[in-house]
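1. A structural model of the following input is requested.
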Amino acid sequence: MLRKGVIVVNESEQISIIKENISGKIFLLFKENNIKYSLEKENKKLEKTANKNNEKFSLRVIALMNVFEKLVPIRKSKVWISDILEQKIIRKDFSEELISKINEFIVYFEQGESINSNLSRNTFNSDSWDYILNAWNIRHLHLSWRTEFDDASMKKNRADYLLFFIFDDDNVYFIDVKEHPKGSGFSKFEFLETIERNNWIHCTPFKIIEGVIDMQPVITSNEDIYTCMKNSINVSFKINNKFYIPILGIASSGNKMNHTQYLIDINKKINMFSNQAFKFLDFQLVMKNDIFGYIFFEKDNKKSVIEL
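-> Below you'll find the predicted structure:
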């Protein structure tokens, strides 16, 4: 039972109450939107920690960030086609129907229409990591018709071909189209070569290392890359005779590193806010316009709100 509306003198107890409330709101969002979240996995992890409330809060925030990371923002975007994909279209390496689908999605992105119904169904699984997204910022969608954005509708809407792309601010970069791969087929080294060759590397977590003559080991095997991703190992690469190091990428638990930083920032804000006597009222989850949510409270008989 949440102790809402009670003044708590102890700072750690204030923090605990706020985090308990937020954890509950996240779980409610998962439940209302049919998003999978394993309480069994959570409980196993909680057994290993003394501060269970804080650990539960951390696990659920990261899970929430994982779900929202997989979604593609709905806004008008300029579409750029890679050299290799453009050549495949010109040569008609694909069927007319598939080329038509590629052109359809160019229009969808440029008109600011949602394409989320064509994403992986794992979007609805907060426990499932998208390795290539977390490591390289590369997304993929099914080149099929659009439907309702729900698991049941999307299950019937899978395609034999996937479009691999990067969404970056107001630009979308079409990297390549591949027959639906498995495992290491999602982490092809050639994707990095295409991105670098088209001068899109700034849209990835990689930064060039100047002045390097050689680097070992040089990893180009798709299988080795996939193994590293699954084990949360960020790898430097030699791409088109240039050396790149990952600045961000996958955190040790499999999530994106910037999600961990986001969690740290939220914790700091909660700690700063809790360093005072107040009457906690409620929390509203927002997840929009860089706002995580709002904390509602009462102090000196005045109701107020702060952004989190």
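
2. Need the distance between the two termini of stretch 293-308.
-> 5 Å (Cα to Cα, to the nearest Å).

3. Give me the neighbour count for the closest residue to Ser16 other than its chain neighbours.
-> Spatial nearest neighbour of Ser16, excluding adjacent residues (Cβ to Cβ, 6 or more residues apart in numbering): Asn53 at 5.1 Å. All C-beta spots, glycine's among them, are computed from the backbone N, C-alpha and C. Residues lying near Asn53 (other Cβ atoms under 10 Å) number 15.

4. Which residues outside whichever strand or helix holds Trp80 are in contact with it?
-> According to DSSP states H and E, Trp80 maps onto strand 78-81. Contacts with strand 78-81, where a contact means Cβ atoms under 8 Å, 6 or more residues apart in numbering, come from Ile89, Ile106, Phe109, Glu110, Asp170, Asn171, Val172, Tyr173, Phe174, Asn198, Trp200.

5. And stretch 251-270, by the same measure?
-> In contact with stretch 251-270 (Cβ under 8 Å, 6+ apart) are residues 15, 18-19, 58, 61-62, 65-66, 69, 129, 131, 133-134, 205, 232, 248-250, 292, 308.

6. any idea of the mean pLDDT in that stretch?
-> Average pLDDT, stretch 251-270: 93.

7. centroid residue for this structure?
-> For the chain, the residue whose C-alpha lies nearest the mean C-alpha position (Cα atoms, centre = their mean) is Glu69; its distance is 2.4 Å.

8. Would you agree Arg197 is in contact with Asn241?
-> No. Using Cβ atoms under 8 Å, Arg197 makes no contact with Asn241, being 11.1 Å away.

9. Among the contacts of stretch 251-270, which ones are in helices?
-> The helices, defined by DSSP state H, take in Ile15, Ile18, Lys19, Ser58, Val61, Ile62, Met65, Asn66, Glu69, Tyr131, Leu133, Asn134 from the contacts of stretch 251-270.

10. Can you report how many residues lie near the spatially closest residue to the residue nearest to the centre of the chain that is not a sequence neighbour?
-> With Cβ to Cβ, 6+ apart as the criterion, Glu69 has its nearest non-adjacent residue at 6.2 Å, and that residue is Lys256. When neighbours are counted by other Cβ under 10 Å, Lys256 registers 23.

11. for the one 3 residues further on, same thing?
-> Counted by other Cβ under 10 Å, the residues lying close to His259 total 20.

12. next structured bit after whichever strand or helix holds it?
-> Element membership of His259, judged by DSSP H and E, is helix 257-273. Per DSSP H and E, the first helix or strand lying C-terminal to helix 257-273 is strand 279-288.

13. That following strand - contacts with which helices or strands?
-> Contacting strand 279-288 under the criterion 3 or more Cβ pairs under 8 Å, 6 or more residues apart in numbering; DSSP states H and E are the following elements: helix 11-32, strand 291-299.

14. Mean neighbour count, distance to Phe189 and mean pLDDT for those - can I get that in CSV?
-> Formatted as CSV, the helices and strands packed on strand 279-288 follow (neighbours: other Cβ atoms under 10 Å; distance: least, Cβ to Cβ, whole Å; pLDDT from 0 to 100):
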stretch, mean neighbour count, distance to Phe189, mean pLDDT
helix 11-32, 17, 35, 92
strand 291-299, 17, 36, 91
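
15. Can you name the residues that contact Tyr244?
-> Glu196, Ile201, Phe206, Lys207, Ile208, Ile209, Ser236, Phe237, Lys238.

16. and it, what are its phi and psi?
-> Main-chain torsions, Tyr244, degrees, to the nearest 10: phi -130, psi 140.

17. Pairing partners for it in the sheet, please.
-> Note on Tyr244: beta-bridge partners Ile208, Phe237, judged by DSSP bridges.

18. any idea how far it lies from Lys52?
-> According to Cβ to Cβ, to the nearest Å, Tyr244 stands 40 Å off from Lys52.

19. State whether His140 is indeed within a helix.
-> No. With DSSP: H, G, I helix; E, B strand; the rest coil as the criterion, His140 is located in strand rather than a helix.

20. beta partners of Leu141?
-> Leu141 has these beta-bridge partners by DSSP bridges: Leu163.
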